[in-house]
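In: my questions are about this predicted structure, shown below with the sequence.
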Amino acid sequence: MHVVIMGCGRVGASLARALERLDHQVAVIDKDPQSFRRLGSDFHGQQVVGNGFDRNVLIEAGVERAGAFAAVSSGDNSNIISARVARETFGVEHVVARIYDHKRAAVYERLGIPTVATVPWSTDRFLRMLLPEGAATAWRDPSGTVAVLPIESTRPG
C-alpha cells in the first residue's frame, strides 16, 4: 500500500521506517528539508518538502493513490486540515491525525477523523505501567469521557 505521512519528526520518521520495513511504499512530507535526516540513509521512500495540507504537495506525495494517510506534525491545526483534505478531497480510506489537545480530538473523532490524542494516550500508558495490574483503564476514548476498565471476577474458581 502507498502511505503518505505528513510530518517528519520523531514519530513521523519512526512510522515511515516501520511501514517501509513492512514493504509499504511511503512518502513523507515536511516543511523543513533537514527533518528528513531522521529517516536515515537506508530509507528509500519519497521525501516531499512542503505543507501537508497543500493539494499540490499532497499530489506530489502520491495521495491520489494512497491507501493511508497519517498526519503527525507538531501542529494540531495542520494535522486536522491535512487529514480532512486527504479524506474529503482525495478519498483516502485510512486517515489518522495526531492531536495534542484532547478536547479537539473528541471533536475531530465526531467529524469522522480518527485521532491519536497524545496526552491522554500517554497518561493511560503511564498509569497502566505504574499502578497494580487491573487498576488502570484498558482503553479510553479521545475525549476522556468513556473508559473501559478491567474487572476481577468475584465468582469462585
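Out: All right, it came through fine.

In: now the strands for this structure?
Out: According to DSSP state E, the chain carries its strands in the segments 2-6, 25-30, 46-49, 68-71, 94-99, 115-117, 139-140, 147-148.

In: out of these, flag the one nearest residue 123.
Out: Among those, the nearest to residue 123 by C-beta to C-beta is strand 139-140 (8.6 Å). (Each C-beta comes from the backbone N, C-alpha and C, glycine too.)

In: low-confidence ranges in this protein?
Out: 133-157 (pLDDT under 70).

In: tell me where it has helices.
Out: The residue ranges that make up the helices of the chain, judged by DSSP state H, are 10-21, 55-60, 76-84, 102-110, 118-130.

In: how about these, which one is nearest residue 45?
Out: With respect to residue 45, and counting by C-beta to C-beta, the nearest of the helices of the chain is helix 10-21 at 5.7 Å.

In: list the contacts of the closest one.
Out: Contacts with helix 10-21, where a contact means C-beta atoms under 8 Å, 6 or more residues apart in numbering, come from 3, 5-6, 8, 26, 28, 30, 35, 38-40, 43-45, 70, 72-73, 98.

In: does residue 79 touch residue 72 like I think?
Out: Yes - in this structure, residue 79 is within contact of residue 72 by C-beta atoms under 8 Å, at 7.1 Å.

In: how about the strands of the chain in a markdown table, adding mean neighbour count and distance to residue 18?
Out: What follows is the strands of the chain, written out as a markdown table (neighbours: other C-beta atoms under 10 Å; distance: least, C-beta to C-beta, whole Å):
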| stretch | mean neighbour count | distance to residue 18 |
| --- | --- | --- |
| strand 2-6 | 27 | 10 |
| strand 25-30 | 25 | 9 |
| strand 46-49 | 18 | 16 |
| strand 68-71 | 26 | 11 |
| strand 94-99 | 23 | 14 |
| strand 115-117 | 24 | 15 |
| strand 139-140 | 15 | 22 |
| strand 147-148 | 12 | 26 |
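
In: turn these into CSV, including distance to residue 128.
Out: Below are the strands of the chain laid out as CSV (distance: least, C-beta to C-beta, whole Å):
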stretch, distance to residue 128
strand 2-6, 27
strand 25-30, 30
strand 46-49, 36
strand 68-71, 24
strand 94-99, 20
strand 115-117, 16
strand 139-140, 10
strand 147-148, 12
